[in-house]
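Participant: fold the following.
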Amino acid sequence: MKNSGQLSRRSLLAAAGFAGLTVLVGCGSGEADGDAKDLASKQAGAMKKYGVGDQFKATEPLSFTILHNNMPTYPLKDDWLFWKELTRRTGVTLKATAVPYSDYEKKRGLLIGAGDAPFLIPKTYPGAETAFVSSGAILPVGEYAHLMPHFQDKVRKWGLAADLDSVRQADGKYYVLPGLHEKVKPGYSLALRTDVLEKAGLDLPTTWDEVHAVLKGLKEAHPDVYPLSDRWNQPEPGGALLNFLAPSYGTKGGWGYQNATWDAEARQFVFTGAMDAYRAMLTYLRKLVSDGLVDPESFTQSDDQAKQKLFGGKSFVISGNPQVLADEYRNNLAKQIKGATVEMIPVPIGPAGPVVAGSRLENGMLISSKALKSENFVALMQFVDWLWYSDAGQEFAKWGVRNVTYTTSGPGRYQPLDGIKVLGLNPEAKKDLQKDYGFSNGVFAYGGTWSLVASSFTADEKAFQDSMARRERLPVEPAHPLQAMEQEQATLWETPLRDHVKQNTLQFALGRRPLSEWDDYVAELKAKNMQQFVDVTNKAYERFKKENG
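Facilitator: This next block holds a predicted model:
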């Protein structure tokens, strides 16, 4: 990052008014790394002129290997229209290695570690790539972003440079091409039986204090029922509930828990599980449980157990998202309880105010270092750029072929063709856009403009997203990439600390450990190297800020 050639190039770009471009393409331009010094021998099949708005079409038939996360809800089929049409449009045939969803992360790691991974390795969430960086098995893809005009264009237009900084490693490079979103898309909140609320004379809550009041009202009307009995407890107890409750208190929890949280006032990272805000969140949860408003099994029971209680009238409130609201809750309640109605509310507002948490980066693509040796490397990068980052490629991956799988009356206005259903649209149709055609597949279809993302929203999700869009987005935390030795040490501290927080979160919430022992709990974290973990995180932050300031 400090070689004179690169610094000179940065100065020239700045003088021309394009200083931000160096942030978009990474610290290098492709010239600085071994084989990348000369890409001339790696342009077979590539388009000589390829820019924003261009349809990628290989100049000769190409074939690339890809790891495919095989979903049980729409298992891979060789005769999907997706494969055929993709080859017709791009000249590229993808050879997929299908791995079951349940085994994907483990298999991905084994293949990369053994040097047997396909060229393209999608469905990797930022952070998961760190384990593979030191081996050199994956490409520092940011060094080749200059080959990806659509990717660069979206980063620039949507102001995603700081977001990309958050996935850089200690060498200043990023190794995952994340999915890019124009806007944050929150997905989870509470769903409540509105027919039961109406009979009890209760309104839908808008704050967490009102949630307590509503649950209390439901308990008074139904003394033998725990009003809230929750689901989604894997891999974290209370994974979903704490994930959307914690930001309301200014912290992280559940699925979104991380040991370090940025304290904007103190201008440093602090340990999440020891924050005053984390204690305040647990105090609120403890009150819900102690008042008999939350089923104590809410933090550990299976999804099926939680849903059986809801459908059997043994609970009235549960975590949800717009898809399960329509596909599971409404359908099953209608079959089992006459007159039952259910709605999902915007995330209740807490002490942190009307905020919305979430990243505009999604799971993304790793590329095997072996790909750099291919004579088709430039074409590969152009292909990835078109399919995963161009408006046309994203539209194709999500909706398919116009007048064959969908119709449209303009940007953001799409409708599956009669006889085809997808994500709650045309629910009675016999054909499924995912199962039968291969589109709206999570391996290929994610991110994009808000109009494209919103194009498959049901009325429920549109109302939810419109409400959440009026809130202030929590800022992106500053980058703090660890060096190899730091990462190795931090990894040894990370899991014991996280496990202790997880265990005690449950104990405090259920009252098995009194909150009066909070100071003892924090002392236990310190004994497990909490302060050392925070110190190395802040050291990495200060170093990155100094080197990239």
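Participant: can you show me the strands along the stretch 251-400 of the chain?
Facilitator: 260-263, 268-271, 317-320, 342-344, 355-356, 361-367 (DSSP state E, counting those that start in this stretch).
Participant: the first one - contacts with which helices or strands?
Facilitator: If contacts are counted by 3 or more Cβ pairs under 8 Å, 6 or more residues apart in numbering; DSSP states H and E, strand 260-263 sits against strand 268-271, helix 530-548. All C-beta spots, glycine's among them, are computed from the backbone N, C-alpha and C.
Participant: note down every partner strand of it and its orientation.
Facilitator: The pairing partners recorded for strand 260-263 under DSSP bridges are strand 268-271 (antiparallel).
Participant: identify the residues contacting the residue nearest in space to the middle of the chain.
Facilitator: The centre of the chain sits closest to E362, judged by Cα atoms, centre = their mean, with a distance of 4.3 Å. Shown in contact with E362 (Cβ atoms under 8 Å, 6 or more residues apart in numbering): Y125, P178, G179, L180, H181, Y446, G447.
Participant: among those, who's most crowded?
Facilitator: Neighbour counts for the contacts of E362 (other Cβ atoms under 10 Å) peak at P178, which has 27 neighbours.
Participant: what lines up beside the helix or strand harbouring that one in the sheet?
Facilitator: Using DSSP states H and E, P178 sits in strand 177-180. Strand 177-180 has the following sheet partners, assigned by DSSP bridges: strand 361-367 (antiparallel).
Participant: avg pLDDT for the partner strand?
Facilitator: For strand 361-367, the mean pLDDT works out to 94.
Participant: now swap in stretch 420-428 and tell me
Facilitator: pLDDT averaged over stretch 420-428 gives 86.
Participant: for that stretch, measure first residue to last.
Facilitator: End-to-end distance for stretch 420-428, by Cα to Cα, to the nearest Å: 9 Å.
Participant: list the buried residues of that stretch.
Facilitator: Neighbour counts over stretch 420-428 (16 or more other Cβ atoms under 10 Å) mark I420, K421, V422, L423, G424, L425, N426 as buried.
Participant: now the first one: closest residue in space that isn't a chain neighbour?
Facilitator: Among residues not flanking I420 along the chain, K431 sits closest, at 4.7 Å (Cβ to Cβ, 6 or more residues apart in numbering).
Participant: same check, this time on the second one
Facilitator: Once its chain neighbours are removed from consideration, K421 has its nearest residue in A429; the separation is 3.9 Å (Cβ to Cβ, 6+ apart).
Participant: any idea how many residues pack against that neighbour?
Facilitator: Neighbour tally, A429, other Cβ under 10 Å: 15.
Participant: and it, what does it touch?
Facilitator: P416, D418, G419, I420, K421.
Participant: likewise E85?
Facilitator: F396, G400, V401.
Participant: among these, who's most crowded?
Facilitator: G400 (26 neighbours).
Participant: okay, now the unreliable bits of the protein?
Facilitator: Applying pLDDT under 70 to the chain flags residues 1-37, 549.
Participant: which helix in it runs the most residues?
Facilitator: Assignment by DSSP state H gives helix 484-510 as the longest helix of the chain.
Participant: tell me the buried residues in that helix?
Facilitator: Buried-residue list, helix 484-510, by 16+ other Cβ under 10 Å: 486-487, 489-490, 493-494, 497-498, 500-502, 504-506, 508-510.
Participant: between the next helix-or-strand element following that helix and helix 484-510, how big is the angle?
Facilitator: Next helix or strand after helix 484-510 toward the C-terminus (DSSP H and E): helix 518-527. If you take axes from the mean of the first three to the mean of the last three Cα atoms, to 10 degrees, helix 518-527 sits at 160 degrees to helix 484-510.
Participant: elements contacting helix 518-527?
Facilitator: helix 484-510.
Participant: D385 contacts H150, doesn't it?
Facilitator: Yes - in this structure, D385 is within contact of H150 by Cβ atoms under 8 Å, at 5.0 Å.
Participant: a strand runs through the residue nearest to K421, doesn't it?
Facilitator: No - counting by DSSP: H, G, I helix; E, B strand; the rest coil, A429 falls outside a strand, being coil.
Participant: contacts for stretch 387-404, please.
Facilitator: Contacts of stretch 387-404 (Cβ under 8 Å, 6+ apart): 52-53, 55-56, 81-82, 85-86, 89-90, 148, 150-151, 154, 177, 179-180, 365, 386, 405-406, 408, 414, 416-417, 433, 437, 439-441, 444-445, 447-449, 452, 455-456.
Participant: right, I mislabeled it, should have said stretch 124-140
Facilitator: Residues contacting stretch 124-140 (Cβ under 8 Å, 6+ apart): 26, 33, 105, 108-109, 112-113, 115, 117, 121, 166-167, 169, 171, 173-176, 178, 359, 361-369, 371-372, 484, 487.
Participant: hang on, the earlier thing: what subset of the contacts of stretch 387-404 is buried?
Facilitator: For the contacts of stretch 387-404, a neighbour count by 16+ other Cβ under 10 Å gives the buried set as 56, 81-82, 85-86, 89-90, 148, 150-151, 154, 177, 179-180, 365, 386, 405-406, 414, 416-417, 433, 437, 439-441, 444-445, 447-449, 452, 455-456.
Participant: which of those residues fall within strands?
Facilitator: Residues of these located in strands (DSSP state E): L177, G179, L180, M365, Y406, Y414, P416.
Participant: from M381, how far off is the third one?
Facilitator: L180 is 16 Å from M381, where distance means Cβ to Cβ, to the nearest Å.
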